[in-house]
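Trainee: Got a sequence here, can you build the structure:
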Amino acid sequence: MPSLLTAAPTSWFAAALLNWYPRHRRDLPWRHTRDPYSIWLSEVILQQTRVKQGLPYYLDFVTTYPTVQDLAAAPQDEVLRHWQGLGYYSRARNMHHTAQQVVQEYGGQFPGSYQELLKLRGVGQYTAAAIASFAYDEQVAVLDGNVFRVLARVFGFTQDIAAPASRKVFQQLADTLIPADQPAEFNQAIMEFGAIQCTPAKPDCLFCPLQQQCFAFQHGMVQELPVKSKAKAARTRYFHYLVLRYADTIYLRKRGPKDIWEGLYDFALHETESAELPVVDVVQVVENLGGCVAANWAEEPTGALRHVLSHQKVEAKFHTVWLSEPLPPASLAATSLAPYRATEIEELPKSILITNYISNLDI
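Mentor: Reported below is the predicted structural model:
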């Protein structure tokens, strides 16, 4: 049996999914609205995020920021704090910038077409297609991981789906399959089908409505498809955090651009090539920051945490250092460090790594 990609797709595919979807779809709040702002929020939050994890964040954002004007007017630190724990913080920063763009350039109204939506910062082909179809019933097909998997298995696509040329093939196929009269329903259906029926590890092939037409099932290739090149091994980074304390304050700084956790707060950081940092080096780093170690200070037991990101692993150790006097203004200006009390630290947006450490810190 040749790949079905060699033959013209027929209406059986859409008909089967549209019959399956009403009986199996999950009841999710963003499926009860045509508001492009709410749809956009849900799509940004659910990128690289499971529905179960993303749902409470969606509910928090639509409650805290019920309109795009509310989100645009919010301080970025506040937006990042609401995003805290969800990861991929560039999504939150881009989301905030996009909200401001919609308000400033479009009068608070989301663009009404796929092509116009692509002009928004941080809105790519998938998000634009989702908003255009769900909010405006535009006939443009979505492509996400679930859709790639379903199409690769059913139509027998055996090339690497991560290859740039593959996206064009899938987009052409999906655009051919999507019905003109039900684009929103079809896009929801195919993504839901991939999420709960045609899953990566244990697809429910026994009760699959596409079983007879599915290339992968008929050829015993369900576990082999889709083909996707392996990601590069994550590199390990060694972070030594200096938790500088004076009286009832702790010094933190806002992380700069072009690195992980941009815009979030953490402690003074010394990154090394190894997991160890001798006490003498801790003292030297503190002095380089302009600090004076308290005379009676001794190295306290070091907290250690590991945090795994998509492309790197962070091995973090925390060194609590008591200062004999506050950091001078020149040091604060040079390092971006600032003293914070416990109640103030609670309000700062932080990575889950820093949040977990602080939760066990006696402040």
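Trainee: May I have the predicted confidence score for the spatially most central residue of the chain?
Mentor: The chain has Y88 as the residue nearest its centroid, 3.9 Å off, counting by Cα atoms, centre = their mean. What the model reports as pLDDT for Y88 is 92.
Trainee: how close does it get to R34?
Mentor: Taken as Cβ to Cβ, to the nearest Å, the spacing of Y88 relative to R34 amounts to 27 Å. In this view, the C-beta of every residue, glycine as well, is placed from N, C-alpha and C.
Trainee: Need the pLDDT of the nearest residue to Q159 once chain neighbours are set aside.
Mentor: Once its chain neighbours are removed from consideration, Q159 has its nearest residue in S166; the separation is 5.7 Å (Cβ to Cβ, 6 or more residues apart in numbering). Predicted confidence (pLDDT) for S166: 94.
Trainee: tell me the contacts of S166?
Mentor: Taking Cβ atoms under 8 Å, 6 or more residues apart in numbering as the criterion, S166 is in contact with F157, Q159, D160.
Trainee: what about 10 Å?
Mentor: Contact analysis of S166 by Cβ atoms under 10 Å, 6 or more residues apart in numbering lists F148, A152, F157, Q159, D160, P226, V227, K228.
Trainee: which residues of the stretch 251-363 of the chain fall in strands?
Mentor: Taking DSSP state E, counting those that start in this stretch as the criterion, the stretch 251-363 of the chain carries its strands at 265-266, 268-272, 303-308, 312-322, 337-340.
Trainee: got the phi/psi numbers for R237?
Mentor: Dihedral angles phi and psi of R237 (degrees, to the nearest 10) take the values phi -120, psi 140.
Trainee: Give me the pLDDT for it.
Mentor: Per-residue confidence for R237 comes out at a pLDDT of 97.
Trainee: How about the one 10 residues further on?
Mentor: According to the prediction, A247 has pLDDT 96.
Trainee: For the closest residue to L41 other than its chain neighbours, the count of nearby residues, please.
Mentor: For L41, ignoring the flanking residues on the chain, the nearest one in space by Cβ to Cβ, 6+ apart is F61 at 5.4 Å. Other residues within reach of F61, judged by other Cβ atoms under 10 Å, total 22.
Trainee: I'd like the next helix or strand past the strand or helix carrying F61.
Mentor: Here F61, judged by DSSP states H and E, is contained in helix 51-64. Downstream of helix 51-64, the next assigned helix or strand under DSSP H and E is helix 68-73.
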